[in-house]
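**Q** what would the 3D arrangement of this be:
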Amino acid sequence: MPRYLAAIEKGEASWGAHVPDLPGCIAAAETRQEVTALIKDAIDFHLEGLRERGEPIPTPASESELIETDAA
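**A** Okay, here's the model as predicted:
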């Protein structure tokens, strides 16, 4: 089962998420828990749409790393 990186961000009044390997696959919600559930549904929906249209399923390639900085 493929695993896609979802970038989850806290905004001023809500949470957002996007999947770099699936352009246009996004979600927004009031809480982190909600946006995590919604982005999983969005990934499933996105992949289902690609399959229905006969388009290739992108291989997960994005990775993440937390970088410490002294500049903050």
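**Q** quick one: list the elements packing against the helix or strand where K40 lies.
**A** Counting by DSSP states H and E, the element that carries K40 is helix 32-52. Secondary-structure packing of helix 32-52 (3 or more C-beta pairs under 8 Å, 6 or more residues apart in numbering; DSSP states H and E): strand 7-10, strand 15-18, strand 26-29. Backbone N, C-alpha and C define where each C-beta goes, glycine included.
**Q** report the buried residues of that helix.
**A** Buried residues in helix 32-52, counting neighbours by 16 or more other C-beta atoms under 10 Å, are found at 35, 38-39, 42-43, 46-47.
**Q** averaged pLDDT, it. What do you get?
**A** Per-residue pLDDT over helix 32-52 has a mean of 98.
**Q** and that helix, how far out from the chain middle?
**A** Remark: helix 32-52 is offset 8 Å from the chain centroid, using C-alpha atoms, centre = their mean, to the nearest Å.
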